[in-house]
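*Asks:* Sequence first, predicted model second:
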Amino acid sequence: MTEENITRIQIEDKEYILIGTAHVSKQSAEQVKEVIAEENPDTVCVELDEQRYQSIMNRDQWKEMDIFKVVKEKKATLLLMNLVISSFQKRMAKQFGIQPGQEMIQGIESADEIGADLVLADRNIQITFSRIWGRIGFWGKMKLLVELSASIFNKESISEEELEKMKSQDMLDSMLEEFTENAPKMKEPLIDERDQYLAEKIKTAPGQKIVAVLGAAHVPGIKKEIHEKQDLQKLNEKPPKSNVPKMIAWAIPLLIISIIAYTFWSNPDAGIHQIISWTLWNGSFSAVGAAIAFGHPLAILTAFAVAPLSSLNPLMAAGWFSGFVQAYMKRPSVEDFENLSDDVYTVKGFWGNKATRILLIVVLTNIFSALGTMIGGADVIRVFFQNL
């Protein structure tokens, strides 16, 4: 058995065997099967949470998704991000003729074959995204969405040899260093905190011999963190919501309304100009977002009509309304949900599938509405100063 990509750690009377894998590598899946068969561990830990475990084991879960519920619970952006990330992995996996997450599936199956305990060792993905989302600010969110969306258009393929090189220590360290420089606020919840969480779950797994199937990026951190006591409760906390964004979210609409009211009182013609400007900038940008997502004409019209009002109320978002209208006018069929896991391979699939199109309408309408709010607000302020 080759020891490449395998790390052995001994702590008192327990042995931990960490397998560093690439998530779409055929060789990784084969190595997982080989190691578990030869080591015969008491427990197998896999880098999955309950949600992703169910996603892997229940390939038909999309058929059960209620798209109205997703929009209503404000989870459209989260689901879209998950699908985009899934798209990238699935394209690479398809290139190599394997299922995405095959090494995790192999770990689950091998654990069952030898009668070992199975531990889902990763943190809930929604908590991870929540902790990322809470750190990066508005422009960070926009940048993340743009970068994730751009990955749909990336058709670059890599060889499996290059993929295997990603598991070498030097390459891994350089990747993490670059990641830290480009997105330090994302690295902590995405990599560092999960290293701590995974380390504690692996360390406290039952039995004397534990095999852990992990993405290679986590192995260096786990080697360090497994010797420390980690507070899982703290790592599972959603970030406290600051009152500052909420105050700003209410202050800006109140400021805009006050400015328009004062201008209208002092110069009705200028006030009317402000109202028209605010309506056109907000409505037009919001409608453009819905149109880019190929929304139904009524969904586009809804985006235009709602945005000027929703931009003045932080409890509302134009994308929710246009998304609901789209879902009503073009309700996804069972076939759309059945094809969802395949359609996310391509740009055409993302825009063509009725389910993902609704998500795109919600997200793009909201993003463009925010841009319209900035431009429209700036024009309202410009007219105000001109009429002082």
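*Replies:* Perfect, I can see it now.
*Asks:* need the strands for the stretch 101-250 of the chain, in chain order.
*Replies:* Listed in chain order, the strands found in the stretch 101-250 of the chain under DSSP state E, counting those that start in this stretch are 117-120, 209-215.
*Asks:* quick one: average pLDDT of the shortest one?
*Replies:* The reference is to strand 117-120. Across strand 117-120, the average pLDDT comes to 96.
*Asks:* Can you pull out the residues in contact with it?
*Replies:* Contact partners of strand 117-120, identified using C-beta atoms under 8 Å, 6 or more residues apart in numbering, comprise 42-46, 48-50, 53, 108, 111-112, 201-202, 205-207. All C-beta spots, glycine's among them, are computed from the backbone N, C-alpha and C.
*Asks:* Buried deepest among the strands of the stretch 101-250 of the chain, which one?
*Replies:* Neighbour counts averaged per stretch over the strands of the stretch 101-250 of the chain are highest for strand 209-215, at a mean of 25; criterion: mean count of other C-beta atoms under 10 Å.
*Asks:* Just the buried residues out of the contacts of strand 117-120, in PyMOL syntax.
*Replies:* In PyMOL, the members of the contacts of strand 117-120 classed as buried (16 or more other C-beta atoms under 10 Å) are selected with the following command:
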select buried, resi 42+43+44+45+46+48+49+53+108+111+201+202+205
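*Asks:* about what we covered before: how about the strands of the stretch 101-250 of the chain in JSON lines, adding distance to Pro332?
*Replies:* As requested, the strands of the stretch 101-250 of the chain are exported to JSON lines (distance: least, C-beta to C-beta, whole Å):
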{"stretch": "strand 117-120", "distance to Pro332": "30"}
{"stretch": "strand 209-215", "distance to Pro332": "32"}
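*Asks:* Report the separation between Ser28 and Leu309.
*Replies:* According to C-beta to C-beta, to the nearest Å, Ser28 stands 52 Å off from Leu309.
*Asks:* Neighbour count: those two, which is higher?
*Replies:* Neighbours were counted for Ser28 and for Leu309 using other C-beta atoms under 10 Å; Ser28 has more, 26 against 14.
*Asks:* Now do the contacts for that one.
*Replies:* Going by C-beta under 8 Å, 6+ apart, Ser28 touches Asn5, Ile19, Thr21, Ala22, Gln102, Glu103, Lys167.
*Asks:* Am I right that it sits in a helix?
*Replies:* Yes: using DSSP: H, G, I helix; E, B strand; the rest coil, the secondary structure at Ser28 is a helix.
*Asks:* Quick check: closest non-adjacent residue to it.
*Replies:* Nearest non-adjacent residue to Ser28, counting by C-beta to C-beta, 6 or more residues apart in numbering: Thr21, 3.7 Å away.
*Asks:* What does the one you found show for phi and psi?
*Replies:* With angles defined as degrees, to the nearest 10, Thr21 sits at phi -120, psi 160.
*Asks:* wait, it sits on Gln31?
*Replies:* Yes: if you go by C-beta atoms under 8 Å, Thr21 and Gln31 touch, sitting 7.4 Å apart.
*Asks:* Between those two, which contacts overlap?
*Replies:* Common neighbours of Thr21 and Gln31, using C-beta under 8 Å, 6+ apart, are Asn5, Glu103.
*Asks:* Between those two, which has more neighbouring residues?
*Replies:* Each of Thr21 and Gln31 has its neighbours counted (other C-beta under 10 Å); Thr21 has more, 27 against 23.
*Asks:* Tell me the one of the contacts of Ser28 nearest Thr279?
*Replies:* Each of the contacts of Ser28 was checked against Thr279 using C-beta to C-beta; the closest is Ala22, at 51.2 Å.
*Asks:* If I follow the layout properly, that closest one ends up in contact with Ala217?
*Replies:* No: the criterion here is C-beta under 8 Å, and Ala22 misses it with Ala217 at 9.6 Å.
*Asks:* so where's this structure shaky on pLDDT?
*Replies:* Applying pLDDT under 70 to the chain picks out residues 1-2, 23-25, 59-100, 136-185, 241-242, 244-245, 333-346.
*Asks:* Where do the domain boundaries of it fall?
*Replies:* Structural domains assigned to the chain are 6-235, 243-386, following automatic domain parsing.
*Asks:* which one of these is the most hemmed in?
*Replies:* Highest mean neighbour count among the domains of the chain (mean count of other C-beta under 10 Å): domain 243-386, with a mean of 19.
*Asks:* Quick one: distance of that domain to the chain centre.
*Replies:* On the basis of C-alpha atoms, centre = their mean, to the nearest Å, the separation between the geometric centre of domain 243-386 and that of its chain is 22 Å.
*Asks:* Regarding it, how distant is the last residue from the first?
*Replies:* Terminal residues of domain 243-386 are spaced 33 Å apart (C-alpha to C-alpha, to the nearest Å).
*Asks:* which among the contacts of Ser28 gets closest to Gly289?
*Replies:* For the contacts of Ser28, with Gly289 as the reference and C-beta to C-beta as the criterion, the closest is Ala22, at 35.8 Å.
*Asks:* Against Leu214, how distant is that closest one?
*Replies:* When distances are taken as C-beta to C-beta, Ala22 and Leu214 turn out to be 11 Å apart.
*Asks:* Contacts made by stretch 373-388 with the rest, please.
*Replies:* Here stretch 373-388 has contacts from 252, 256, 259-260, 262-263, 266-267, 270, 273-274, 277-282, 285, 308, 311, using C-beta under 8 Å, 6+ apart.
*Asks:* same thing but 10 Å
*Replies:* Applying C-beta atoms under 10 Å, 6 or more residues apart in numbering, the contact partners of stretch 373-388 are 252-253, 255-260, 262-263, 266-267, 269-271, 273-286, 307-308, 310-312, 318, 369.
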